[in-house]
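A.B. asks: Model the structure of this input:
(chains A and B)
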Amino acid sequence: MNTKNNEGPQPWIDPALEARVVAGVLGETSAFEAAELDRVLAENPELAIFKRRIEAVHALVGVAVRRETPKIQLSPDRRQKLLEKLGARPKGPKRKVFVLPRPFWWSSRNLIAVAASLVIGAIVVTFFGTMVVFQARQEPADFEGESGGLMAEYGNAPAAAKPMDFGMNAAPAAGVTVNVAPSSIATVSPKSGPVNMVSTVASTAPMAPMPPVALSNVRNGGTTAVSSLDKVGPDSAGPSRNPEANSGNCSSPCRRRDVSGTRSGVCGDRGF
Amino acid sequence: MTEPLTSSSEPEPGAPAAVAFPVLAAKETLVELFESEESAVLGFAIGLVGRRAVAEELVQEAFLRLHQLWGQVENPRAWLYRSLRNLALNHLRDHSRETVVEEPEGPGNEPPPDEALGRLEAVGMVRLLIAELAPEDQDLIRLKYHDDLKYQEISRKTGLSVSNVGYKLHHLLKGLADALRHAGIDRSLG
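C.D. replies: Predicted structure coming up:
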């Protein structure tokens, strides 16, 4: 907006006085201030002219802003053509619109939440499924563990002893920890008599230092088996009770099976 | 002056630049602008040219030109008023030697008196000048004249100090008065 006045020089008026005049025109002064302003205006005709101009502008702005002018329109024909040209849609009878109820997940937020839940669930299921398969593959396929348990001398057991009962009927003695791999294969024979447990310690955890393990042949009811009942306690802290195992001259053909399935090593060669 | 319902592709030489004015708020549609400003711009045109039929043609032409430049115009309301004023001035210049030999006006269709024309023109010019103000200044004008608030209330709404509100309104009104005088609208400005 160009506020420059090119119609000749205007007398300079103190801006503070102008502001008081404007405030008076806009009704922002008290009675005392209004009386004081009237006295100043009477002494300053140029300020009185300024006040008249501000009053005129004040009235025009009020009309312009409040739209107090009477409402007029273009002629109907011209108006209709112009509105069509401007892209207005002709006003017709309103159509009835029936809004069908939507399921709760219809909104984008709910839809996203449901999709995210499905994806997370799929990831979790896949992850744990992979873990279970991986664990199962790392466990030995027979009873000969190499991760710290006793090696089963299943192959040396008398034929009468096969199959053996590897159930959990035989409760371990006090102070004895039973390490039974979840995947240990146990067959139950009704003829096998008392329970013999042969199992392997097939921990899936990394090889942790363990105390020397004693091979203990448990003869029970004529069944020879190698138990994986490892004593944990004062008795288990020392070397194995099996001198053969300690000396590495084990006479029994202990076999180990590593992860790749090859048999190697001897009983005393555990690397503990 | 009966032009077809089309618009020339080239803007009038005196027409304002398409991006001369600041953006005020969310841009309304052209139809919405027409609905809200039809009466005001028609009154402004009548005040400028003094004849209803000519004023309608000018308003139609102004809207059609705005329709063509809608994507480029940032402040359509100010552009519309400025363009309409330029069209009216061009019309008055081009037809200054013509003599109106129209049939006598019927009852209720008489041309408005000069005083009324001057007021229509002045009000339209004020609308043009307000549309060209900065958005915050337009807000001040609206709060004072449309909402009829006191300085204190405007201060609370805008965060400006009371003295700053008075200072700004003082300069706004003084600037409008000077601009109106500059536009030749000084019949009622003392």
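
A.B. asks: For the lowest-mean-pLDDT helix or strand in chain B, buried residues please.
C.D. replies: The helix or strand with the lowest mean pLDDT-type score in chain B, counting by mean pLDDT, DSSP states H and E, is helix B:114-131 (a mean of 88). Neighbour counts using 16 or more other CB atoms under 10 Å in any protein chain shown place B:117, B:119-131 of helix B:114-131 among the buried residues. No exception for glycine: its C-beta is placed from N, CA and C like everyone else's.

A.B. asks: Quick check on residue B:160: phi, psi?
C.D. replies: phi -80, psi 160 (degrees, to the nearest 10).

A.B. asks: Next up, the contacts around it.
C.D. replies: B:154, B:168 (CB atoms under 8 Å, 6 or more residues apart in numbering or on different chains).

A.B. asks: and the gap between it and chain A?
C.D. replies: According to CB to the nearest CB, to the nearest Å, residue B:160 stands 14 Å off from chain A.

A.B. asks: where does the chain have low pLDDT?
C.D. replies: No chain specified, so I'll use chain A. For chain A, residues meeting the criterion pLDDT under 70 lie at A:1-10, A:69, A:89-97, A:102-106, A:139-272.

A.B. asks: actually chain B
C.D. replies: Judged by pLDDT under 70, the stretches of chain B that qualify are B:1-27, B:98-112, B:187-190.

A.B. asks: contacting residues around the least confident helix or strand of chain B?
C.D. replies: A:1, A:57, A:60-61, A:63-65, A:69, B:21, B:24, B:40-41, B:43-48, B:50, B:75, B:77-78, B:81-82, B:85, B:112, B:138, B:141, B:176, B:179-180, B:183, B:185, B:187-188.

A.B. asks: and if we set it to 6 Å?
C.D. replies: For helix B:114-131, the surrounding residues in contact (CB atoms under 6 Å, 6 or more residues apart in numbering or on different chains) are A:1, A:60-61, A:63-64, B:40, B:43-44, B:46-48, B:50, B:77-78, B:81, B:141, B:176, B:179, B:183, B:185, B:187.

A.B. asks: Report the buried members of the residues you listed.
C.D. replies: Looks like the contacts of helix B:114-131 have A:1, A:60-61, A:63-64, B:40, B:43-44, B:46-48, B:50, B:77-78, B:81, B:141, B:176, B:179, B:183, B:185 buried, using 16+ other CB under 10 Å.

A.B. asks: and residue 52, how many neighbours?
C.D. replies: You didn't pick a chain, so chain A it is. Residue A:52 is flanked by 14 other residues according to other CB atoms under 10 Å in any protein chain shown.

A.B. asks: The intended chain is chain B.
C.D. replies: Residue B:52: 18 surrounding residues under other CB under 10 Å.

A.B. asks: List the contacts of it.
C.D. replies: residue B:46.
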